[in-house]
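Q: One predicted model, sequence on top.
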Amino acid sequence: MDFVQPEVVISGVVALAGPPNAGKSTLMNKLLGQKISIVTPKPQTTRNRIAGVLNGEGYQIVFLDTPGLHRSSVPLNREMIQVALDSLVDVEAVVFMIDVSQSSPAHVRKQKQSEYKKYLERVTSPTFLLLNKIDLIDRNELLPIIEAYAELFPFNAVIPVSALTGDGLDQLVDELLKLLPKGFPYFPEDVPTDATERFLAAEIIREKVFLLTGQEIPYSSAVLIESFKEDANRNLVEIHATIYLERKSQKGIVLGKGGKKIKDIGIAARKDIEEMVDRKVMLHLWVKIKKHWSRDENFLHELGL
Ligand SMILES: Nc1nc2c(ncn2[C@@H]2O[C@H](COP(=O)(O)OP(=O)(O)O)[C@@H](O)[C@H]2O)c(=O)[nH]1
Ligand SMILES: [Mg+2]
């Protein structure tokens, strides 16, 4: 077999960090032009660290999407925060992202100061402040917000963006390319993520549970893929997955009247998984109760946390 030496390019790993709901996963998907990370309007959607690989002319940037930084004493959330904090070291740059529509200057000065500072002071690499969701505010509201954050931490650059519309993302990439080193790419050009299709399938199912159920269900649910089998003869992928819930009373909500809800979850998930694997998918879903799974260390490890 021929070994083709990869070309030297500008390459580096960049962590996307910030509070829940800032738009980190939306940003990663927009930059990559494909859906790697699940996105919902609910905080604490992202639970693991997921790499997304952006290849461009002469560069490769590996973005790490991370769970939101917040305060919590719940074991699941603590594991998630640890994942995020671990992602802040050993990277070439950190992009600290916040939702500008939730950041009045007074708010930034008073409440967020000590909390964010604590996280940012652990960072040893250049750090950008990304003011996201500028599509939601007036341009003239930006400057006072930028000033308030500048007092908080000596950011290397402040970049206003909209992860939703893509506004400002070219500037983000340009600024990153200025400081990333030259080296060999981390991933082959056709590999968009370090996550397996099996992991991403579980994430897609979890996203549909988040989107299609209300109240406490999203935070009480976890998804494990029991089997993920390629059937070459029938050109399809057959997946067996279990949705774990914490309480008996939740099962009825996820199943729905006459099984309607779980059916909708299954249909929506199957469509997205088919798009990902580019093949037909047979998806079998089960719902099980596992009391206090979010406090069960072994189970959290099974979820990759
Ligand atoms: N209007 C607007 N909404 C956004 C933008 N970026 C993200 N969102 C929304 O904010 C919510 C949280 O986004 P998500 O990417 O899951 O945030 P994360 O928790 O930081 O990963 C979702 O409903 C997104 O659609 C943006 O630039 N503009
Ligand atoms: Mg996220």
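A: Great, that's in hand. Numbers count the residues shown, from 1 in each chain. Ligands and ions are numbered 1, 2, ... in the order given.
Q: any idea where the strands of the protein begin and end?
A: 9-17, 50-56, 59-65, 93-99, 127-132, 157-160, 182-183, 222-231, 236-245, 280-289 (DSSP state E).
Q: could you check whether the second one is close to ligand 1?
A: Yep, that's strand 50-56 we're talking about. No - Strand 50-56 stays clear of ligand 1 (C-beta under 6 Å from any ligand atom), getting no nearer than 10.3 Å. Placement of C-beta: from N, CA and C, glycine included.
Q: Going by contacts, tell me the helices and strands next to that strand.
A: Based on contacts counted as 3 or more C-beta pairs under 8 Å, 6 or more residues apart in numbering; DSSP states H and E, the elements that strand 50-56 packs against are helix 24-32, strand 59-65.
Q: quick one: strands adjacent to the last one?
A: Using DSSP bridges, the neighbouring strands of strand 59-65 in the sheet come out as strand 9-17 (parallel), strand 50-56 (antiparallel).
Q: mean confidence for it?
A: What strand 59-65 shows for mean pLDDT is 96.
Q: What of stretch 228-244?
A: 96.
Q: Next, the buried residues of that stretch.
A: Under the neighbour-count criterion of 16 or more other C-beta atoms under 10 Å, stretch 228-244 has Phe228, Leu236, Val237, Ile239, Ala241, Thr242, Ile243, Tyr244 buried.
Q: So what sits opposite the second one in the bridge?
A: Leu236 has these beta-bridge partners by DSSP bridges: Asp231, Lys280.
Q: State the distance from it to ligand 1.
A: Per C-beta to the nearest ligand atom, to the nearest Å, Leu236 is found 30 Å from ligand 1.
Q: quick one, what contacts whichever residue of the chain sits closest to ligand 1?
A: Nearest residue of the chain to ligand 1 (C-beta to the nearest ligand atom) works out as Gly23 at 3.0 Å. With contacts defined as C-beta atoms under 8 Å, 6 or more residues apart in numbering, Gly23 is in contact with Met97, Asp99, Asn132, Lys133, Ala163, Leu164.
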